[in-house]
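Student: build me a model from this:
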Amino acid sequence: MAFGFVRNLARSSLIRTTLVYGLTNGLNRAIPFLMVPVFSRILSPADYGIVAMFGVIVTIVSVFLGFGSLSAISLKYFDRGQIDLPAYVGNCVFLFVVSLVVLAVALFAFSGPLERATDVPHEWSWWALEVAATTFLANVLLYLWQAEQRSVAYGAFQVIQTIVNLGLSAWFVIVLRMGWRGRVDAQIVTATLFAIVALIILVRSGRIRASVRSDYLKSALNLGLPLIPHALGGFIMDTTDRILITHMVSVEDTGIYSVGSQVGMAVVLVTGSFNTAWVPWLFERLKWNDEQIKRRIVVFTYLYAFALIVLALSIALISPWFFSFFVGKSFMSGFKYVLWVALGYAFNGMYMMVTNYIFFVEKTYLLAWITFTSAIINVVASYFLIKLHGAVGAAQATMLAHLCMFLMTWAVSARVYSMPWSLRRKT
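Tutor: Numbering: from 1, shown residues only. A predicted model of the protein is given here:
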C-alpha cells in the first residue's frame, strides 16, 4: 500500500507542481551555470573570490533583515481564516524597515573590519545591504505565492529575474570589461528592479496593507526571532568554507572553490524545487492527522533520501568531464570539490524533509540549537581539514556539518511530532 501511495503521489498535484518548480528552478540555475564557461575565461579566480565574498555579506545581512518575519508570513498564511493576512504582511514589512535602520548603523560602525575579513572594498558593503533589502521585499511576494501554490507565477518571476541578472552581467563583464564590479552591479540593478515590481504586485493585489498592530508584531517576532540564531548558524555553515579558504589559502582558491561548489550544488535544483512544492502539500495533510497517510509519507521520505544520494554521486562522477570541456583552465582543479559539496547538499535536502515537522508545531526555537551546533562542527572541522587537505578540506567539513544537522533535526522532529519512522504498524 505504501508503494501505491508513491504511485498516486506521482500522479498528484504535488508532483505536477514540483515539475513546474523544477523546470523554472532548472532554468533559473542553468542560465548562470551555462555562463560559467564564459565568465571563467574573462574573470580571474580573484575576481570570482570577491564576487563570492560580496555574496557572503549579502547573506549575513539577510539573516537579520525583518527579524525572521518572512517565515512568519509563510506559517500564518495557513491561519488566514483567523487573521487579517494583508495587515499581518504589512506589520512584517514594518519590522523589516526597523531592522534595515539598525543594520545600516551597524554597517557604518563595522565597515572597516568587514572589509578586512572579506577583501570586499568597504563602500561596496552598502550595496550588499541594498541587495539584501530589495531581495527581502521580492521574497515577501514569492513566499506568498509559494503558500498559495502559484508555482507558475513563482517560477516565471525568478526565471525572468535571472535572465535580466545574467544579461546585465554579460553586458557589464564581457562588453564593458568591468571585471568583478560588473557582476556585482548586475545584482544591484536586478534586485532593485524586481523589488519594485514585487511591491507593485503586492499593493495592487491587496496582499499587503499598511498597518501597525501590537498583536501581529508580537506574533511575527515570536515566530521569527527564534529563527535568527537558526539562520545565523546556517550562514556560518554556508560561508565558513569561503571565509577560511580566503584567509588560510588564498582568495584565488576561493574563486576556484566557488566554481566547483556551483557544480556540486546542482543537487539543490531537485531539493529546492521539491521542497517548495512539498511544504504546503505536507502541512495540509498533517492537519488531517491520518496515521495511514503519515506512514506513506515516511516511506516516500526514505525513497527520496536514497534518490538524493544517487544523484549526488552521479554529479560527482561526471564532473571531471564537465570541467574538461566547459570551464576555463584557471578553474580546472575545481572538480575535486564537487563530490563533497554534492553530498553535503543531498544531506541538506534530507534535512529539509524532516525540519518541516518542527515548523508545523511552531517550535522553531529548537532549530537554533541544531544549527549552531552544526555551525560549530563546521568551523572546527573546516579549520583542521583545511590544515590537513587544503581547500578541499572545507568542502569535506561542509558535508560533515550538513550530515550532522540532518541527523540532529531528524531526532528532534521525531520528539516534537509523531511520525511512524520505524514503519511499524500500531497494534
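Student: and the longest helix seen in the chain, what does it pack against?
Tutor: Of all the segments of type helix in the chain, defined by DSSP state H, the longest one is helix 291-326. The contact analysis (3 or more C-beta pairs under 8 Å, 6 or more residues apart in numbering; DSSP states H and E) places helix 291-326 against helix 2-10, helix 251-264, helix 267-286, helix 338-360. (Glycine included, C-beta is placed from N, CA and C.)
Student: what's the third one packed up against?
Tutor: Taking 3+ C-beta pairs under 8 Å, 6+ apart as the contact definition, the neighbouring helices and strands of helix 267-286 are helix 13-42, helix 122-147, helix 151-170, helix 291-326, helix 338-360.
Student: would CSV of the helices and strands packed on helix 291-326 with mean pLDDT, mean neighbour count and distance to residue 47 be doable?
Tutor: Formatted as CSV, the helices and strands packed on helix 291-326 follow (pLDDT from 0 to 100; neighbours: other C-beta atoms under 10 Å; distance: least, C-beta to C-beta, whole Å):
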stretch, mean pLDDT, mean neighbour count, distance to residue 47
helix 2-10, 51, 12, 44
helix 251-264, 85, 24, 7
helix 267-286, 82, 20, 24
helix 338-360, 94, 24, 21
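Student: okay, those helices in JSON lines with distance to residue 234 next?
Tutor: JSON lines is the format used below for those (distance: least, C-beta to C-beta, whole Å):
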{"stretch": "helix 2-10", "distance to residue 234": "29"}
{"stretch": "helix 251-264", "distance to residue 234": "16"}
{"stretch": "helix 267-286", "distance to residue 234": "14"}
{"stretch": "helix 338-360", "distance to residue 234": "10"}
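Student: looking at these, which is nearest to residue 315?
Tutor: Set against residue 315 and scored by C-beta to C-beta, the helices and strands packed on helix 291-326 come closest in helix 338-360, at 4.7 Å.
Student: so which bits of the helix or strand following the closest one are buried?
Tutor: Remark: after helix 338-360, the chain's next helix or strand is helix 365-389, criterion DSSP states H and E. Buried positions in helix 365-389, judged by neighbour count with 16 or more other C-beta atoms under 10 Å: 366-368, 370-372, 374-375, 377-379, 381-383, 385-386.
Student: what residues of the very next helix or strand once past helix 365-389 count as buried?
Tutor: Sequence-wise, the next helix or strand downstream of helix 365-389 (DSSP H and E) is helix 392-416. By 16+ other C-beta under 10 Å, the buried positions in helix 392-416 come out as 392-410, 412-413.
Student: next one: stretch 157-172
Tutor: Applying 16+ other C-beta under 10 Å to stretch 157-172 flags 157, 158, 159, 160, 161, 162, 165, 166, 168, 169, 170, 172 as buried.
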